[in-house]
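Undergrad: I would like the atomic coordinates for the input below:
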Amino acid sequence: MSRARPDRPATIYDVAKAAGVSHQTVSKVLRGLGGMRDETRERVEEEIRRLNYRPNVGARALARSQRRRIGVVGYETFESSTSKVLRGISEVAEGAGYVLDIVTVDPLGAVDEIATALEQINGTDVAGVLATSPTRNVREALERIRFRMPVFLDVNGDMESDSAGAHRSISAGMVMDHLADLGHERVAFVGGPRGWDSATSREAVYVERMAARSVDARIVGHGDWSAASGYEVVKDADLGDSTAVFVANDRMALGVLRALSERGLRVPEDLSVVGIDDIPEAAYFSPPLSTVHIDFTQAGHVAAKSLLTLIERPGDSMPVYPRSRLIARASAIPA
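TA: Numbering: from 1, shown residues only. Next comes the predicted model:
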């Protein structure tokens, strides 16, 4: 194995050579990023210890100041999907030589306040802006500002345009198709917070599909994406003669399952339940939750690559978001 010369400290290139990887891989390990096999990470970490490698803090700070930057509009949330999207963005940006400047906003806050935060980004030397919080208020704030750099609004790949140009949720269509295949005609709906593009789009697809069946839509309420809100919406809700409940995301579906159980309703024998997102815990709900899998990390990759295309290769075709897929589990059975 290669060893650093005794008259100088080990470098990142010494570690890379000894571990049989690229220096970019060593850099990822040092920053705690993913995107590699466990055995590769362990091998790199072993060589870091063996060679007694210590990062040159001064050099890293200088390099960071010289690297290009991307402004990211984010928000604080309990959703694991958000951290996955940011991780995906970070992996692509760092690999392309960019660092992230993250500005946190309240996506449902006042448009003026969001616009003020965005103006702060516009006054910096970032190469582009990536908005990860697609709400009506964020979109309106973005439209108010004349940005000096490219801007990309991430939609996680859950939106497609119909013939009239309106955006429709792909995952909601999958849920409604799945329930129809199982013979469920009378479906209740638990929506997400008003103002969120994804919540609005999923509800619109539900309403359209129910209208196409000549069956009245039964929107029992709206939550805030949390399990607690799903529980509160359903615990006293009039579900009528519904045979299934479509919940706009998995965490709210967890609360819905609890509320139905307390009401003495069995899932799936009395009511089928389906969510969206396929969070890691969904397979371990009781019963395991049928849902739509959205690859948020890969969606983050696509969002970052899309912005980099606008920055570095304007006019090139944009990358395509990964296709979502339905995951059928025990919470939904034939009507």
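Undergrad: OK, contacts around the closest residue to R329 other than its chain neighbours?
TA: Spatially, and ignoring its direct neighbours in sequence, R329 is nearest to P288 (3.9 Å; C-beta to C-beta, 6 or more residues apart in numbering). All C-beta atoms are positioned from the backbone trio N, CA, C, and that covers glycine. Taking C-beta atoms under 8 Å, 6 or more residues apart in numbering, we find P288 in contact with A282, R329, A330, S331.
Undergrad: would you quantify the distance from the first one to V292?
TA: Distance of A282 to V292, given as C-beta to C-beta, to the nearest Å: 10 Å.
Undergrad: of the two, which one has the most company?
TA: Shown here are A282 and V292; by other C-beta atoms under 10 Å, V292 has more neighbours (25 against 22).
Undergrad: tell me the bridge partners for the more buried one.
TA: V292 has these beta-bridge partners by DSSP bridges: L326.
Undergrad: that one touches R329, doesn't it?
TA: No: counting by C-beta atoms under 8 Å, V292 stays clear of R329, with 11.5 Å between them.
Undergrad: who touches both of A282 and V292?
TA: By the contact definition C-beta under 8 Å, 6+ apart, A282 and V292 are jointly contacted by G275, I327.
Undergrad: so what's the spatially closest residue to D316 that is not a sequence neighbour up against?
TA: Leaving aside its sequence neighbours, D316 sits nearest to T309 (C-beta to C-beta, 6+ apart; 5.3 Å). When contacts are counted by C-beta under 8 Å, 6+ apart, T309 touches D316, M318, P319.
Undergrad: would you double-check that the last one falls in a helix?
TA: No: membership of P319 in a helix is not supported by DSSP: H, G, I helix; E, B strand; the rest coil, which gives coil.
Undergrad: let's number from 122 now, not from 1
TA: Shifting the count to begin at 122 puts that one at P440.
Undergrad: flag the shaky bits of the chain, pLDDT-wise.
TA: Where the chain drops to pLDDT under 70, the residues are 122-129, 152-156, 176-188, 197-201, 282-288.
Undergrad: would you map the strands across it?
TA: Using DSSP state E, the strands of the chain run over 189-195, 219-225, 249-252, 272-274, 280-282, 288-290, 308-312, 339-343, 365-368, 393-395, 412-414, 446-448.
Undergrad: tell me what the last one is packed against?
TA: It stands for strand 446-448. helix 291-302, strand 412-414 (3 or more C-beta pairs under 8 Å, 6 or more residues apart in numbering; DSSP states H and E).
Undergrad: do the same with the third one
TA: In terms of contact count using 3+ C-beta pairs under 8 Å, 6+ apart, strand 249-252 is assigned the packing partners strand 189-195, helix 232-243, strand 272-274, helix 417-433.
Undergrad: strand 189-195 and the second one, what's the angle between them?
TA: Relative orientation of helix 232-243 versus strand 189-195 (axes from the mean of the first three to the mean of the last three C-alpha atoms, to 10 degrees): 170 degrees.
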